[in-house]
Structure formats: C-alpha cells, structure tokens
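Asks: need a structure here:
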Amino acid sequence: MLGRLFRKKDSELDHAAALKRMAGRGVEVQTFIDVGAAKGAWSEKAMRLWPAAGAHLIEAKEDWRPELEAFQARHQNVSFETAGVSREPGTIYFPKAADPYGGAVFHDCADRDDLEAIKATSIDHEAARLQLKAPFAIKLDTHGTEVDILDGAAKTLEQTAFLCIETYNLIGQKRFPELIIDLQERGFRCADVAEPLFRKGDQLLWQIDFYFMRADHPAFGNFKYTPQA
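Replies: Model prediction:
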C-alpha cells in the first residue's frame, strides 16, 4: 500500500504539474504574488495556466534585476520590487553570500560584517500600494521566515485562493508540520506537494513545497478516494 501511495513519477512532483492540478480544481487567480522570485521561474509556469492573471514579483537580491526586467518585458500586467519581505516595511538584514538562491532575513545585524541592510516591505503594503487585483495566489521561497511574511499579509490572505510555500524539515521559524497547522489556523489546508529535496549524504528530507487552498474549497468536502463522476 505504501509503495502505491509514494510511487509518483518525478514529473508529477514538479511545480508545473502541481499548478496544473490546482487549475483543474477551478481555483481562480487574478494576481500572483511571488516572494523570493529570483528570475520568475515559478510565476512563468503559473501564468501559462492563468493567462489572464498578472503578477507582482518581490526579490531581495539586486543581482536578479536584469532577469526580472526581462520577465516584465515578456508579460503584460507584471511588476516587481527588489526588497526583502517581512511583517512591515522598514529595514532588514540579508547575508552577503554569493549563492544567488540562498539567504535568509535577520531583523538585527548584531554588528555582523556578513550581513547587509536592505529595504523591507510586506505583502499587504505591496498589494495596497499597487492596488493589486484579487483573488491572489502567493508563493514563498523565503528560507525559514515564512511566519513573519504571513503576519504581514493578513489582509491579502483574506482574498487569497491558494499559496505555494517552500517548507523545511530542520530549519526555519516553523518546520513544515508546524507551518501546516499555522496555515490551517489562517484558513488554509494542504492540497498538494512539489519538489521534495533530500540532503546530500544521508538523504534526509531537507525541504518540500506545499500548496494550500482555502479550507472551504469544495474538494475538502469529498472524503472518497475515487473522484466523483
């Protein structure tokens, strides 16, 4: 039985497949809010399935600006901001590390010379500033600071259809079991997974992306394994 449950093809566990399943559930989106956007790869996949939707990409590292400008040039109704994301606008601190995909947010530099001050914003601030259109879908690739970001998105979450959150097994403000409970308290339930990553060496689960839908979505009211015709 367990073998049957976990014998999914790799292609069924990528983001393109998870997003396709989400679209198949009839979830409506007007604006994607992509936090930790890098070059916009996730939003690129999402906008193929919701072609009428716009996107707002937020990325802490200025190194990605050329790719974000190119993304914006390829699509209508796209904006981006280079900033960290937290509970509220202000200043936060980010590692100077060379890894373009790495990094995490700190609220106090504590005289560390490996951190640099960067502008901070919040999802609620960005949604209000740009008058982004609901319903929203939010994606977080934020290396453990998800609780701060969700706390700064309270108003936006009221109009959010689904979330994609990269969650962690060993690090972060909340590990993935705790974060699932946190999202449930905010009115969302787990609906899908994508791209599990296993640590080199011992192959322990390191991270996995979870997709969450609103808890009142009709799919959660069907308790049968075999779909209804």
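Asks: Now the element after the strand or helix carrying Glu178, going C-ward?
Replies: Using DSSP states H and E, Glu178 sits in helix 176-185. Counting by DSSP H and E, the next helix or strand C-terminal to helix 176-185 is strand 188-198.
Asks: what's across from the residue nearest to Leu204 when sequence neighbours are not counted in the sheet?
Replies: Counting by CB to CB, 6 or more residues apart in numbering, Leu204 lies nearest to Phe198, which is 6.6 Å off, once chain neighbours are set aside. The C-beta positions use only the backbone N, C-alpha and C, and glycine is treated the same way. Listed by DSSP bridges, the beta-bridge partners for Phe198 are Leu205.
Asks: contacting residues for Phe198?
Replies: Listed by CB atoms under 8 Å, 6 or more residues apart in numbering, the contact set of Phe198 reads Leu204, Leu205, Trp206.
Asks: Kindly report the same for Ala70.
Replies: If you count contacts by CB under 8 Å, 6+ apart, then Ala70 has Lys39 around it.
Asks: can we see that at 6 Å?
Replies: Contact analysis of Ala70 by CB atoms under 6 Å, 6 or more residues apart in numbering lists nothing.
Asks: and it, how far is that from Glu44?
Replies: Separation of Ala70 from Glu44 (CB to CB, to the nearest Å): 11 Å.
Asks: Phi first, then psi, for the residue lying closest to Gly187 once chain neighbours are set aside.
Replies: Excluding the flanking residues, the one nearest Gly187 by CB to CB, 6+ apart is Ala215, at 5.3 Å. Per-residue torsions, Ala215: phi -60, psi -20 (degrees, to the nearest 10).
Asks: Report how many residues lie close to Ala215.
Replies: By other CB atoms under 10 Å, the residues close to Ala215 number 13.
Asks: Quickly note the distance from it to Thr156.
Replies: Using CB to CB, we find Ala215 at a distance of 17 Å from Thr156.
Asks: again, but for Pro66
Replies: Computed as CB to CB, the Pro66 to Thr156 distance reads 28 Å.
Asks: got it, and Phe198?
Replies: From Phe198 to Thr156 the distance is 33 Å (CB to CB).
Asks: elements contacting the helix or strand where His125 lies?
Replies: Assigned by DSSP H and E, His125 belongs to helix 123-130. With contacts taken as 3 or more CB pairs under 6 Å, 6 or more residues apart in numbering; DSSP states H and E, helix 123-130 sits against helix 154-157.
Asks: Alpha carbons only: can I get stretch 168-185 in CSV?
Replies: Taking C-alpha atoms only, stretch 168-185 is exported to CSV below (Å, rounded to 0.1, in the frame of the first residue of the first chain):
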residue,chain,number,x,y,z
TYR,A,168,11.8,22.9,5.8
ASN,A,169,12.4,19.9,7.9
LEU,A,170,15.2,21.1,10.1
ILE,A,171,15.4,24.9,9.9
GLY,A,172,13.1,27.9,9.9
GLN,A,173,10.7,29.8,12.2
LYS,A,174,8.4,26.7,12.0
ARG,A,175,9.2,23.3,10.5
PHE,A,176,6.8,22.0,7.9
PRO,A,177,4.4,20.2,10.3
GLU,A,178,4.0,23.3,12.4
LEU,A,179,3.6,25.5,9.4
ILE,A,180,0.8,23.3,8.1
ILE,A,181,-1.0,23.9,11.4
ASP,A,182,-0.2,27.6,11.2
LEU,A,183,-1.8,27.8,7.8
GLN,A,184,-4.8,25.9,8.9
GLU,A,185,-5.4,28.5,11.7
